[in-house]
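Participant: how would this look folded up:
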Amino acid sequence: MYDQAAFGITAIGRAEEPWLRYLRLGTKLHHLQRNGLGLGLMSSGYSSKSGHPLPAARRVDDILSAAGEVSGPSYFFVGGRVGAEQIRSEGMAEDVLHMKGPAEIVKDDLARLLPDYMIPQHVLVLDRLPLTANGKVDRTALAASEQVRPARTASPYVAPATETQRVLARLWGETLKYDEVSMADEFFASGGNSLTAVTLVHRINKQFAAALPLQAIFEHPTPASLAERIERGAGDRSSRLIRLGDAAAGRPVFCWPGLGGYPMNLRALAREAADGRPFYGVQARGINPGEQPYATIREMAAADVAELRRVQTEGPYLLWGYSFGARVAFEAAWQLEQLGERVEQLLLICPGNPAVPGADPERFGREPSYANPAYVTILFSVFAGKIAGPDLRRCLERARDEDSFVAFVHELRPALDPSTIRRIARIVARTYEFEYSFHELAQRRLDTEITIFKAAGDDYSFIEGRTGYSAAPPTIVDLACDHYEVLKEPGVAELAAAIAGTRQPAGGR
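Facilitator: Prediction:
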(Lines give C-alpha, C1' and ligand atoms only; values in the text may rest on other atoms or scores of the structure.)
Protein backbone atom coordinates (compact mmCIF):
# COMPACT_ATOMS: atom_id res chain seq x y z
CA MET A 1 0.00 0.00 0.00
CA TYR A 2 2.79 2.44 0.93
CA ASP A 3 4.75 1.59 -2.23
CA GLN A 4 1.75 2.49 -4.39
CA ALA A 5 0.84 5.69 -2.50
CA ALA A 6 2.01 9.09 -3.75
CA PHE A 7 1.59 11.14 -0.58
CA GLY A 8 0.55 11.03 3.07
CA ILE A 9 -1.45 13.62 5.00
CA THR A 10 -2.46 14.03 8.62
CA ALA A 11 -5.69 15.96 9.26
CA ILE A 12 -6.27 17.39 12.75
CA GLY A 13 -9.58 18.44 14.29
CA ARG A 14 -9.33 21.96 15.77
CA ALA A 15 -12.93 22.90 16.58
CA GLU A 16 -13.25 25.05 19.69
CA GLU A 17 -15.85 22.75 21.27
CA PRO A 18 -14.20 19.39 22.14
CA TRP A 19 -17.33 17.38 21.24
CA LEU A 20 -17.27 18.83 17.70
CA ARG A 21 -13.64 17.99 16.91
CA TYR A 22 -14.17 14.40 15.76
CA LEU A 23 -17.38 15.33 13.93
CA ARG A 24 -15.72 18.17 12.04
CA LEU A 25 -12.73 15.96 11.25
CA GLY A 26 -14.99 13.21 9.87
CA THR A 27 -16.93 15.72 7.77
CA LYS A 28 -13.76 17.17 6.26
CA LEU A 29 -12.41 13.69 5.48
CA HIS A 30 -15.65 12.85 3.66
CA HIS A 31 -15.29 16.01 1.58
CA LEU A 32 -11.67 15.16 0.76
CA GLN A 33 -12.61 11.65 -0.34
CA ARG A 34 -15.15 13.06 -2.80
CA ASN A 35 -12.52 15.28 -4.40
CA GLY A 36 -13.33 14.82 -8.11
CA LEU A 37 -9.61 14.84 -8.89
CA GLY A 38 -9.12 11.09 -9.32
CA LEU A 39 -7.28 10.84 -6.00
CA GLY A 40 -7.99 7.97 -3.64
CA LEU A 41 -7.39 8.16 0.11
CA MET A 42 -6.86 5.29 2.55
CA SER A 43 -6.62 5.29 6.34
CA SER A 44 -3.25 4.46 7.86
CA GLY A 45 -3.58 5.62 11.47
CA TYR A 46 -5.75 7.72 13.73
CA SER A 47 -6.19 8.96 17.27
CA SER A 48 -8.67 7.37 19.63
CA LYS A 49 -11.01 8.68 22.31
CA SER A 50 -10.59 5.32 24.08
CA GLY A 51 -6.96 6.14 24.83
CA HIS A 52 -5.38 3.76 22.31
CA PRO A 53 -4.14 5.91 19.41
CA LEU A 54 -2.31 4.20 16.57
CA PRO A 55 1.43 4.93 16.04
CA ALA A 56 0.80 7.56 13.35
CA ALA A 57 -1.34 9.58 15.76
CA ARG A 58 1.23 9.32 18.57
CA ARG A 59 3.94 10.45 16.18
CA VAL A 60 2.10 13.57 15.01
CA ASP A 61 1.33 14.45 18.64
CA ASP A 62 5.07 14.32 19.39
CA ILE A 63 5.87 16.51 16.36
CA LEU A 64 3.28 19.14 17.29
CA SER A 65 4.31 19.14 20.95
CA ALA A 66 7.97 19.68 20.01
CA ALA A 67 6.95 22.61 17.81
CA GLY A 68 4.80 24.17 20.52
CA GLU A 69 1.60 23.47 18.59
CA VAL A 70 -1.70 22.26 20.03
CA SER A 71 -2.72 18.77 18.95
CA GLY A 72 -6.20 17.29 18.62
CA PRO A 73 -8.08 14.36 17.08
CA SER A 74 -6.02 13.24 14.08
CA TYR A 75 -6.38 11.01 11.05
CA PHE A 76 -3.45 10.00 8.85
CA PHE A 77 -4.13 8.78 5.34
CA VAL A 78 -2.11 7.92 2.25
CA GLY A 79 -3.28 8.74 -1.22
CA GLY A 80 -2.61 8.35 -4.89
CA ARG A 81 -4.17 8.31 -8.32
CA VAL A 82 -7.16 5.96 -8.81
CA GLY A 83 -8.96 4.99 -11.98
CA ALA A 84 -12.62 5.34 -12.89
CA GLU A 85 -13.25 1.62 -12.27
CA GLN A 86 -11.88 1.91 -8.73
CA ILE A 87 -14.03 4.95 -8.04
CA ARG A 88 -17.17 3.17 -9.26
CA SER A 89 -16.43 0.00 -7.27
CA GLU A 90 -18.69 -0.72 -4.30
CA GLY A 91 -16.51 -3.59 -3.04
CA MET A 92 -14.18 -3.56 -0.07
CA ALA A 93 -11.14 -5.27 -1.63
CA GLU A 94 -8.99 -2.12 -1.51
CA ASP A 95 -9.94 -1.45 2.12
CA VAL A 96 -8.93 -4.81 3.60
CA LEU A 97 -5.98 -3.40 5.52
CA HIS A 98 -8.14 -0.64 6.96
CA MET A 99 -10.56 -3.27 8.29
CA LYS A 100 -7.85 -5.15 10.20
CA GLY A 101 -5.97 -4.25 13.35
CA PRO A 102 -2.32 -5.03 14.17
CA ALA A 103 -3.16 -8.38 15.81
CA GLU A 104 -5.04 -9.58 12.72
CA ILE A 105 -2.22 -8.46 10.42
CA VAL A 106 0.34 -10.33 12.54
CA LYS A 107 -1.77 -13.51 12.36
CA ASP A 108 -2.12 -13.13 8.59
CA ASP A 109 1.67 -12.87 8.24
CA LEU A 110 2.24 -15.92 10.47
CA ALA A 111 -0.29 -17.92 8.43
CA ARG A 112 1.97 -17.54 5.39
CA LEU A 113 4.92 -19.01 7.27
CA LEU A 114 3.59 -21.57 9.76
CA PRO A 115 1.40 -24.69 9.61
CA ASP A 116 -2.13 -24.09 10.88
CA TYR A 117 -1.62 -25.76 14.26
CA MET A 118 1.18 -23.29 15.12
CA ILE A 119 -0.89 -20.15 14.47
CA PRO A 120 -1.58 -18.49 17.84
CA GLN A 121 -5.19 -18.18 18.95
CA HIS A 122 -4.57 -14.72 20.40
CA VAL A 123 -2.14 -11.92 19.56
CA LEU A 124 -1.72 -9.25 22.22
CA VAL A 125 -0.19 -5.94 21.11
CA LEU A 126 1.87 -4.28 23.86
CA ASP A 127 3.62 -0.91 23.92
CA ARG A 128 6.72 -2.49 25.48
CA LEU A 129 8.01 -5.75 26.94
CA PRO A 130 9.34 -6.08 30.51
CA LEU A 131 13.12 -6.53 30.57
CA THR A 132 15.53 -8.12 33.01
CA ALA A 133 18.54 -6.22 34.40
CA ASN A 134 20.72 -7.43 31.49
CA GLY A 135 18.22 -6.28 28.86
CA LYS A 136 16.57 -9.60 27.97
CA VAL A 137 12.82 -10.13 27.88
CA ASP A 138 11.58 -11.02 31.37
CA ARG A 139 9.26 -13.90 30.47
CA THR A 140 8.14 -14.50 34.06
CA ALA A 141 7.09 -10.87 34.52
CA LEU A 142 5.42 -10.90 31.12
CA ALA A 143 3.34 -14.01 31.89
CA ALA A 144 2.28 -12.56 35.26
CA SER A 145 1.38 -9.09 33.94
CA GLU A 146 -2.21 -7.88 34.18
CA GLN A 147 -2.26 -7.31 30.40
CA VAL A 148 -1.30 -10.87 29.50
CA ARG A 149 -3.30 -12.87 32.06
CA PRO A 150 -6.73 -11.44 31.15
CA ALA A 151 -5.92 -12.01 27.46
CA ARG A 152 -5.51 -15.73 28.16
CA THR A 153 -8.82 -16.18 29.90
CA ALA A 154 -11.64 -13.98 31.10
CA SER A 155 -13.09 -16.58 33.47
CA PRO A 156 -12.57 -16.31 37.24
CA TYR A 157 -9.90 -18.50 38.79
CA VAL A 158 -11.17 -21.84 40.16
CA ALA A 159 -8.59 -23.85 42.11
CA PRO A 160 -8.23 -27.64 41.63
CA ALA A 161 -10.27 -29.48 44.29
CA THR A 162 -9.40 -33.15 43.69
CA GLU A 163 -6.24 -35.12 43.09
CA THR A 164 -7.27 -35.75 39.48
CA GLN A 165 -7.78 -32.01 38.97
CA ARG A 166 -4.42 -31.17 40.56
CA VAL A 167 -2.52 -33.63 38.35
CA LEU A 168 -4.46 -32.49 35.29
CA ALA A 169 -3.72 -28.83 36.11
CA ARG A 170 0.00 -29.66 36.13
CA LEU A 171 -0.18 -31.47 32.76
CA TRP A 172 -2.34 -28.70 31.30
CA GLY A 173 0.07 -25.97 32.45
CA GLU A 174 3.14 -27.86 31.21
CA THR A 175 1.52 -28.31 27.80
CA LEU A 176 0.21 -24.77 27.38
CA LYS A 177 3.15 -23.13 29.16
CA TYR A 178 1.47 -21.20 31.95
CA ASP A 179 0.97 -21.45 35.71
CA GLU A 180 -2.11 -21.11 37.92
CA VAL A 181 -4.38 -23.21 35.72
CA SER A 182 -8.02 -22.57 36.58
CA MET A 183 -10.54 -25.38 36.39
CA ALA A 184 -12.70 -22.98 34.33
CA ASP A 185 -10.02 -22.26 31.68
CA GLU A 186 -11.02 -23.11 28.11
CA PHE A 187 -8.43 -25.06 26.12
CA PHE A 188 -8.43 -23.08 22.89
CA ALA A 189 -8.95 -19.70 24.58
CA SER A 190 -5.84 -20.52 26.64
CA GLY A 191 -3.68 -20.90 23.53
CA GLY A 192 -4.34 -24.55 22.69
CA ASN A 193 -4.16 -25.83 19.13
CA SER A 194 -4.16 -29.15 17.30
CA LEU A 195 -0.58 -29.99 18.22
CA THR A 196 -1.01 -29.20 21.93
CA ALA A 197 -4.33 -31.10 21.95
CA VAL A 198 -2.57 -34.25 20.76
CA THR A 199 0.25 -33.65 23.23
CA LEU A 200 -2.08 -33.12 26.21
CA VAL A 201 -4.18 -36.20 25.48
CA HIS A 202 -1.02 -38.29 25.11
CA ARG A 203 0.30 -37.04 28.47
CA ILE A 204 -3.06 -37.64 30.18
CA ASN A 205 -3.26 -41.21 28.89
CA LYS A 206 0.30 -41.92 30.00
CA GLN A 207 -0.16 -40.34 33.47
CA PHE A 208 -3.55 -41.88 34.25
CA ALA A 209 -3.14 -45.15 32.28
CA ALA A 210 -6.26 -44.02 30.40
CA ALA A 211 -7.43 -44.34 26.81
CA LEU A 212 -8.98 -40.94 26.07
CA PRO A 213 -9.59 -40.33 22.36
CA LEU A 214 -8.21 -37.15 20.79
CA GLN A 215 -11.68 -35.65 20.52
CA ALA A 216 -11.97 -35.61 24.32
CA ILE A 217 -10.42 -32.12 24.33
CA PHE A 218 -13.25 -30.85 22.13
CA GLU A 219 -15.94 -32.60 24.13
CA HIS A 220 -14.46 -31.51 27.50
CA PRO A 221 -12.55 -28.26 26.86
CA THR A 222 -12.07 -27.21 30.51
CA PRO A 223 -9.93 -28.96 33.15
CA ALA A 224 -13.00 -29.45 35.35
CA SER A 225 -15.00 -31.32 32.72
CA LEU A 226 -11.94 -33.18 31.46
CA ALA A 227 -11.14 -34.38 34.99
CA GLU A 228 -14.68 -35.76 35.30
CA ARG A 229 -14.19 -37.60 32.00
CA ILE A 230 -10.92 -39.11 33.25
CA GLU A 231 -12.54 -40.27 36.50
CA ARG A 232 -15.42 -41.95 34.65
CA GLY A 233 -12.93 -44.14 32.81
CA ALA A 234 -13.38 -45.84 29.46
CA GLY A 235 -17.14 -46.35 29.71
CA ASP A 236 -18.13 -43.16 27.91
CA ARG A 237 -18.73 -43.34 24.18
CA SER A 238 -17.02 -40.58 22.22
CA SER A 239 -18.50 -39.48 18.93
CA ARG A 240 -16.24 -38.87 15.95
CA LEU A 241 -18.28 -35.73 15.27
CA ILE A 242 -16.24 -32.93 16.84
CA ARG A 243 -18.10 -29.75 17.76
CA LEU A 244 -16.09 -26.74 16.54
CA GLY A 245 -17.38 -23.57 18.16
CA ASP A 246 -20.24 -23.04 20.57
CA ALA A 247 -23.07 -21.91 18.25
CA ALA A 248 -26.38 -23.55 19.11
CA ALA A 249 -29.00 -22.17 16.70
CA GLY A 250 -30.30 -23.84 13.56
CA ARG A 251 -29.43 -26.93 11.56
CA PRO A 252 -25.81 -28.02 11.94
CA VAL A 253 -23.13 -28.12 9.27
CA PHE A 254 -21.27 -31.44 8.97
CA CYS A 255 -17.85 -31.07 7.38
CA TRP A 256 -15.25 -33.70 6.44
CA PRO A 257 -11.53 -32.77 6.63
CA GLY A 258 -8.82 -33.72 4.15
CA LEU A 259 -6.47 -36.71 4.10
CA GLY A 260 -5.47 -37.76 7.59
CA GLY A 261 -8.98 -37.19 8.88
CA TYR A 262 -8.18 -34.87 11.81
CA PRO A 263 -10.67 -31.96 11.65
CA MET A 264 -8.67 -29.47 13.74
CA ASN A 265 -7.78 -27.37 10.69
CA LEU A 266 -11.50 -26.75 10.08
CA ARG A 267 -11.76 -24.47 13.15
CA ALA A 268 -11.15 -21.24 11.21
CA LEU A 269 -13.73 -22.29 8.61
CA ALA A 270 -16.26 -23.00 11.38
CA ARG A 271 -15.60 -19.59 12.90
CA GLU A 272 -15.78 -17.64 9.62
CA ALA A 273 -18.41 -19.46 7.57
CA ALA A 274 -20.86 -21.34 9.78
CA ASP A 275 -23.09 -18.24 10.05
CA GLY A 276 -24.11 -18.96 13.63
CA ARG A 277 -24.96 -22.63 13.04
CA PRO A 278 -23.48 -25.55 14.99
CA PHE A 279 -20.48 -26.89 13.05
CA TYR A 280 -19.21 -30.48 13.33
CA GLY A 281 -15.93 -31.75 11.92
CA VAL A 282 -16.08 -35.47 11.08
CA GLN A 283 -12.98 -37.20 12.44
CA ALA A 284 -11.77 -40.26 10.56
CA ARG A 285 -11.82 -43.67 12.18
CA GLY A 286 -8.26 -44.82 12.81
CA ILE A 287 -6.81 -41.75 14.52
CA ASN A 288 -7.31 -43.05 18.05
CA PRO A 289 -5.44 -46.12 19.39
CA GLY A 290 -7.21 -49.39 18.61
CA GLU A 291 -9.21 -48.02 15.67
CA GLN A 292 -8.84 -49.36 12.13
CA PRO A 293 -9.51 -47.15 9.08
CA TYR A 294 -12.38 -48.18 6.82
CA ALA A 295 -11.44 -50.00 3.64
CA THR A 296 -13.65 -48.03 1.20
CA ILE A 297 -15.33 -44.66 0.84
CA ARG A 298 -18.70 -46.45 0.94
CA GLU A 299 -17.96 -47.96 4.37
CA MET A 300 -16.50 -44.70 5.65
CA ALA A 301 -19.53 -42.67 4.59
CA ALA A 302 -22.01 -45.24 5.94
CA ALA A 303 -20.43 -45.07 9.40
CA ASP A 304 -20.31 -41.26 9.27
CA VAL A 305 -23.97 -41.06 8.21
CA ALA A 306 -24.90 -43.17 11.23
CA GLU A 307 -22.94 -40.77 13.46
CA LEU A 308 -24.47 -37.60 12.09
CA ARG A 309 -28.02 -39.02 12.28
CA ARG A 310 -27.48 -39.39 16.03
CA VAL A 311 -26.98 -35.61 16.14
CA GLN A 312 -29.66 -34.71 13.55
CA THR A 313 -32.26 -37.44 13.22
CA GLU A 314 -33.83 -36.21 9.98
CA GLY A 315 -33.12 -33.86 7.09
CA PRO A 316 -32.64 -31.53 5.46
CA TYR A 317 -28.86 -31.86 5.92
CA LEU A 318 -26.01 -29.41 5.26
CA LEU A 319 -22.87 -31.28 4.14
CA TRP A 320 -19.45 -29.80 3.39
CA GLY A 321 -16.21 -31.56 2.53
CA TYR A 322 -12.65 -30.30 2.12
CA SER A 323 -10.10 -31.92 -0.22
CA PHE A 324 -10.38 -35.72 0.21
CA GLY A 325 -13.30 -35.03 2.54
CA ALA A 326 -15.25 -33.75 -0.46
CA ARG A 327 -15.41 -37.33 -1.78
CA VAL A 328 -16.77 -38.60 1.53
CA ALA A 329 -19.29 -35.75 1.69
CA PHE A 330 -20.46 -36.62 -1.84
CA GLU A 331 -20.88 -40.29 -0.93
CA ALA A 332 -22.63 -39.41 2.35
CA ALA A 333 -25.08 -37.17 0.45
CA TRP A 334 -25.88 -40.01 -1.95
CA GLN A 335 -26.37 -42.50 0.89
CA LEU A 336 -28.66 -40.08 2.77
CA GLU A 337 -30.79 -39.63 -0.36
CA GLN A 338 -30.97 -43.40 -0.73
CA LEU A 339 -32.39 -43.46 2.81
CA GLY A 340 -35.11 -41.03 1.74
CA GLU A 341 -33.52 -38.00 3.40
CA ARG A 342 -33.05 -34.60 1.78
CA VAL A 343 -29.65 -32.94 1.49
CA GLU A 344 -30.22 -29.24 1.11
CA GLN A 345 -26.63 -28.09 0.68
CA LEU A 346 -23.56 -29.95 -0.59
CA LEU A 347 -20.37 -27.85 -0.72
CA LEU A 348 -17.25 -29.52 -2.12
CA ILE A 349 -14.23 -27.43 -1.09
CA CYS A 350 -11.02 -28.02 -3.07
CA PRO A 351 -12.06 -31.50 -4.24
CA GLY A 352 -9.21 -31.57 -6.77
CA ASN A 353 -5.67 -32.57 -5.83
CA PRO A 354 -3.05 -29.83 -5.45
CA ALA A 355 -0.50 -29.78 -8.23
CA VAL A 356 2.53 -31.66 -6.86
CA PRO A 357 5.96 -30.69 -8.27
CA GLY A 358 7.81 -33.63 -9.78
CA ALA A 359 4.80 -35.96 -9.81
CA ASP A 360 4.98 -38.90 -12.23
CA PRO A 361 1.39 -40.19 -12.55
CA GLU A 362 2.21 -42.46 -15.50
CA ARG A 363 4.75 -44.36 -13.39
CA PHE A 364 3.07 -44.38 -9.97
CA GLY A 365 -0.59 -43.48 -10.52
CA ARG A 366 -2.28 -43.27 -7.09
CA GLU A 367 0.10 -45.74 -5.46
CA PRO A 368 0.66 -45.00 -1.73
CA SER A 369 4.32 -45.95 -1.87
CA TYR A 370 7.31 -44.23 -0.28
CA ALA A 371 8.98 -44.63 -3.66
CA ASN A 372 6.30 -42.31 -5.06
CA PRO A 373 7.44 -38.69 -4.46
CA ALA A 374 3.91 -37.38 -5.07
CA TYR A 375 2.55 -39.59 -2.28
CA VAL A 376 5.33 -38.62 0.15
CA THR A 377 4.74 -34.94 -0.67
CA ILE A 378 1.01 -35.20 0.05
CA LEU A 379 1.67 -37.23 3.21
CA PHE A 380 4.14 -34.55 4.37
CA SER A 381 1.55 -31.84 3.70
CA VAL A 382 -0.88 -33.50 6.13
CA PHE A 383 1.54 -32.63 8.95
CA ALA A 384 3.09 -29.45 7.54
CA GLY A 385 0.18 -27.79 5.73
CA LYS A 386 2.25 -27.07 2.61
CA ILE A 387 4.00 -28.80 -0.29
CA ALA A 388 7.14 -26.71 -0.61
CA GLY A 389 10.22 -25.63 1.31
CA PRO A 390 13.41 -27.12 2.72
CA ASP A 391 11.59 -29.43 5.15
CA LEU A 392 9.85 -31.14 2.24
CA ARG A 393 13.14 -31.59 0.42
CA ARG A 394 14.66 -33.21 3.52
CA CYS A 395 11.59 -35.42 3.90
CA LEU A 396 11.85 -36.67 0.30
CA GLU A 397 15.52 -37.47 0.88
CA ARG A 398 15.03 -39.33 4.17
CA ALA A 399 11.59 -41.00 4.02
CA ARG A 400 12.15 -44.43 2.49
CA ASP A 401 9.48 -46.31 4.46
CA GLU A 402 6.93 -45.75 7.20
CA ASP A 403 9.50 -45.93 10.03
CA SER A 404 11.84 -43.33 8.50
CA PHE A 405 8.89 -41.05 7.70
CA VAL A 406 7.54 -41.26 11.25
CA ALA A 407 11.03 -40.55 12.62
CA PHE A 408 11.37 -37.50 10.36
CA VAL A 409 8.00 -36.00 11.35
CA HIS A 410 8.69 -36.66 15.04
CA GLU A 411 12.00 -34.83 14.67
CA LEU A 412 10.20 -31.99 12.91
CA ARG A 413 7.29 -31.90 15.42
CA PRO A 414 8.66 -33.42 18.67
CA ALA A 415 5.39 -32.84 20.54
CA LEU A 416 3.65 -35.36 18.23
CA ASP A 417 4.20 -38.84 19.58
CA PRO A 418 5.35 -41.43 16.98
CA SER A 419 2.29 -43.67 17.49
CA THR A 420 -0.09 -40.84 16.54
CA ILE A 421 2.03 -39.95 13.49
CA ARG A 422 1.97 -43.60 12.43
CA ARG A 423 -1.83 -43.92 12.78
CA ILE A 424 -2.45 -40.76 10.74
CA ALA A 425 0.06 -41.89 8.09
CA ARG A 426 -1.78 -45.22 7.79
CA ILE A 427 -5.11 -43.45 7.31
CA VAL A 428 -3.52 -41.46 4.47
CA ALA A 429 -2.04 -44.65 2.98
CA ARG A 430 -5.47 -46.30 3.05
CA THR A 431 -7.41 -43.35 1.63
CA TYR A 432 -4.85 -41.89 -0.83
CA GLU A 433 -5.80 -44.31 -3.57
CA PHE A 434 -9.57 -44.07 -3.01
CA GLU A 435 -11.12 -43.10 -6.34
CA TYR A 436 -14.59 -43.52 -7.75
CA SER A 437 -14.69 -45.83 -10.72
CA PHE A 438 -16.68 -44.63 -13.73
CA HIS A 439 -19.30 -47.27 -12.92
CA GLU A 440 -19.60 -46.15 -9.27
CA LEU A 441 -19.96 -42.47 -10.16
CA ALA A 442 -22.54 -43.25 -12.83
CA GLN A 443 -24.68 -44.91 -10.13
CA ARG A 444 -24.56 -41.86 -7.84
CA ARG A 445 -27.08 -39.37 -9.16
CA LEU A 446 -27.92 -36.71 -6.57
CA ASP A 447 -31.03 -34.55 -6.34
CA THR A 448 -29.29 -31.86 -4.29
CA GLU A 449 -27.49 -28.95 -5.86
CA ILE A 450 -23.70 -29.13 -5.74
CA THR A 451 -21.29 -26.20 -5.35
CA ILE A 452 -17.58 -26.72 -6.01
CA PHE A 453 -15.02 -24.25 -4.61
CA LYS A 454 -11.91 -24.70 -6.70
CA ALA A 455 -8.54 -23.57 -5.31
CA ALA A 456 -5.93 -21.92 -7.51
CA GLY A 457 -3.58 -24.50 -9.03
CA ASP A 458 -5.69 -27.56 -8.23
CA ASP A 459 -6.18 -30.34 -10.76
CA TYR A 460 -9.64 -31.32 -11.96
CA SER A 461 -11.55 -33.15 -9.28
CA PHE A 462 -13.28 -36.53 -9.44
CA ILE A 463 -16.57 -34.79 -10.23
CA GLU A 464 -15.58 -32.22 -12.85
CA GLY A 465 -15.87 -33.03 -16.52
CA ARG A 466 -18.51 -35.70 -15.90
CA THR A 467 -22.28 -35.54 -16.21
CA GLY A 468 -25.25 -37.45 -14.91
CA TYR A 469 -24.33 -37.48 -11.23
CA SER A 470 -26.65 -34.62 -10.25
CA ALA A 471 -29.99 -33.22 -11.30
CA ALA A 472 -28.35 -29.93 -12.29
CA PRO A 473 -24.76 -29.09 -13.28
CA PRO A 474 -22.66 -28.02 -10.27
CA THR A 475 -21.90 -24.38 -9.60
CA ILE A 476 -18.12 -23.87 -9.75
CA VAL A 477 -16.57 -21.00 -7.79
CA ASP A 478 -12.89 -20.22 -8.50
CA LEU A 479 -10.78 -19.08 -5.53
CA ALA A 480 -7.63 -16.98 -5.62
CA CYS A 481 -5.96 -18.85 -2.73
CA ASP A 482 -4.36 -22.26 -3.12
CA HIS A 483 -5.30 -25.66 -1.71
CA TYR A 484 -3.62 -25.11 1.66
CA GLU A 485 -4.24 -21.37 2.09
CA VAL A 486 -7.99 -21.84 1.86
CA LEU A 487 -8.33 -22.95 5.50
CA LYS A 488 -5.90 -20.38 6.92
CA GLU A 489 -6.01 -16.63 7.38
CA PRO A 490 -6.48 -14.70 5.18
CA GLY A 491 -7.56 -17.35 2.61
CA VAL A 492 -10.38 -18.64 4.81
CA ALA A 493 -11.95 -15.17 4.68
CA GLU A 494 -12.11 -15.45 0.87
CA LEU A 495 -13.67 -18.91 1.15
CA ALA A 496 -16.20 -17.71 3.75
CA ALA A 497 -17.19 -14.79 1.53
CA ALA A 498 -17.60 -17.16 -1.43
CA ILE A 499 -19.78 -19.50 0.64
CA ALA A 500 -21.89 -16.57 1.84
CA GLY A 501 -22.30 -15.49 -1.79
CA THR A 502 -23.82 -18.79 -2.86
CA ARG A 503 -27.55 -19.31 -2.60
CA GLN A 504 -28.42 -19.96 1.04
CA PRO A 505 -30.59 -23.00 1.86
CA ALA A 506 -34.30 -22.31 1.91
CA GLY A 507 -35.50 -21.44 5.37
CA GLY A 508 -32.07 -20.08 6.41
CA ARG A 509 -31.33 -21.23 9.90
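Participant: contacts and neighbour counts: CA atoms only from here.
Facilitator: Fine.
Participant: Please enumerate the strands of the stretch 51-200 of the chain.
Facilitator: With strands called from DSSP state E, counting those that start in this stretch, the stretch 51-200 of the chain shows them at 74-81.
Participant: what ranges of it fall below the confidence cut-off?
Facilitator: For the stretch 51-200 of the chain, the stretches flagged by pLDDT under 70 are 90-101, 115-118, 121, 148-155.
Participant: go on, the chain?
Facilitator: For the chain, the ranges with pLDDT under 70 are 1-2, 90-101, 115-118, 121, 148-155, 234-236, 358, 436-442, 465-468, 503-509.
Participant: Tell me which residue is most central in it.
Facilitator: With distances taken as Cα atoms, centre = their mean, residue 268 lies nearest the centre of the chain, 3.0 Å away.
Participant: Work out for me the element it sits within.
Facilitator: Take DSSP states H and E as the rule and residue 268 turns out to sit in helix 267-273.
Participant: Tell me the first helix or strand C-terminal of that helix.
Facilitator: Using DSSP H and E, the next helix or strand after helix 267-273 towards the C-terminus is strand 279-282.
Participant: Just give me how far that next one sits from the chain centre.
Facilitator: Here strand 279-282 is found 13 Å from its chain centre; the criterion is Cα atoms, centre = their mean, to the nearest Å.
Participant: Mind listing residues that contact whichever helix or strand comes after that strand?
Facilitator: As assigned by DSSP H and E, the chain's next helix or strand after strand 279-282 is helix 297-311. The contact list for helix 297-311, computed with Cα atoms under 8 Å, 6 or more residues apart in numbering, reads 239-241, 254, 282, 294, 327-329, 331-332, 335-336, 434.
Participant: What strands flank the next helix or strand after helix 297-311, and is each parallel or antiparallel?
Facilitator: Going down the chain from helix 297-311, the next helix or strand is strand 317-322, by DSSP H and E. Here strand 317-322 has these sheet partners by DSSP bridges: strand 253-256 (parallel), strand 343-349 (parallel).
Participant: wait, isn't residue 487 in contact with residue 265?
Facilitator: Yes - between residue 487 and residue 265 there is a contact under Cα atoms under 8 Å: 6.8 Å.
Participant: ok, the two, which is more surrounded?
Facilitator: residue 487 (26 against 19; other Cα atoms under 10 Å).
Participant: contacting residues for the more buried one?
Facilitator: Counted by Cα under 8 Å, 6+ apart, residue 487 has contacts 265, 266, 268, 269, 495.
Participant: Check residue 203 too.
Facilitator: residue 171.
Participant: can you tell me how far it sits from residue 169?
Facilitator: Per Cα to Cα, to the nearest Å, residue 203 is found 12 Å from residue 169.
Participant: that older thread, make CSV from the contacts of residue 487 and add distance to residue 185 to it.
Facilitator: Formatted as CSV, the contacts of residue 487 follow (distance: Cα to Cα, whole Å):
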residue, distance to residue 185
265, 22
266, 22
268, 21
269, 23
495, 31
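Participant: circling back to that earlier point, save the strands paired with strand 317-322 as a markdown table, and put in mean neighbour count and distance to residue 70 too.
Facilitator: Shown next, in a markdown table, are the strands paired with strand 317-322 (neighbours: other Cα atoms under 10 Å; distance: least, Cα to Cα, whole Å):
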| stretch | mean neighbour count | distance to residue 70 |
| --- | --- | --- |
| strand 253-256 | 25 | 56 |
| strand 343-349 | 24 | 55 |
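Participant: and of those, who's closest to residue 108?
Facilitator: Residue 108 lies closest, by Cα to Cα, to one member of the strands paired with strand 317-322: strand 343-349, at 21.1 Å.
Participant: And the next helix or strand past that closest one?
Facilitator: Using DSSP H and E, the first helix or strand after strand 343-349 is helix 361-364.
Participant: got a list of contacts for the helix or strand following that next one?
Facilitator: Sequence order places helix 373-384 as the next helix or strand after helix 361-364, per DSSP H and E. Residues outside helix 373-384 that contact it (Cα under 8 Å, 6+ apart) are 115, 259-260, 356-360, 366-370, 386-387, 392, 395-396, 399, 409, 425, 428, 432.
Participant: what helix or strand is residue 40 on?
Facilitator: Per DSSP H and E: strand 39-46 holds residue 40.
Participant: Off-centre distance for that strand?
Facilitator: With Cα atoms, centre = their mean, you get 30 Å for strand 39-46.
Participant: partner strands of that strand, parallel or antiparallel?
Facilitator: In the sheet, strand 39-46 lines up against strand 74-81 (antiparallel) (DSSP bridges).
Participant: on that earlier part again, any chance you could list what contacts the strand holding residue 40?
Facilitator: 33, 53-57, 73-82, 95, 98.
Participant: Pull out the buried members of the contacts of helix 373-384.
Facilitator: Of the members of the contacts of helix 373-384, the ones counted as buried by neighbours, 16 or more other Cα atoms under 10 Å, are 115, 259-260, 356, 366, 368, 370, 386-387, 392, 395-396, 399, 409, 425, 428, 432.
Participant: I'd guessed residue 315 sits against residue 339; true?
Facilitator: No - using Cα under 8 Å, residue 315 is not in contact with residue 339; the gap is 10.5 Å.
Participant: Of these two, which one has the most company?
Facilitator: residue 315 (15 against 9).
Participant: which residues touch the more buried one?
Facilitator: 341, 342, 343.
Participant: how does it look with 10 Å?
Facilitator: Residues near residue 315 by Cα atoms under 10 Å, 6 or more residues apart in numbering: 251, 309, 336, 337, 340, 341, 342, 343, 344.
Participant: Could I have the ChimeraX command that selects the buried members from those residues?
Facilitator: Buried residues among the contacts of residue 315 (16+ other Cα under 10 Å), as a ChimeraX selection:
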select :251,336,337,341,342,343,344
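Participant: So which of the contacts of residue 315 is the closest to residue 210?
Facilitator: residue 309 (28.8 Å).
Participant: Would you mind measuring from the closest one to residue 315?
Facilitator: Relative to residue 315, residue 309 is positioned 9 Å away (Cα to Cα).
Participant: With residue 66 instead?
Facilitator: Where residue 315 is concerned, residue 66 sits at a distance of 69 Å (Cα to Cα).
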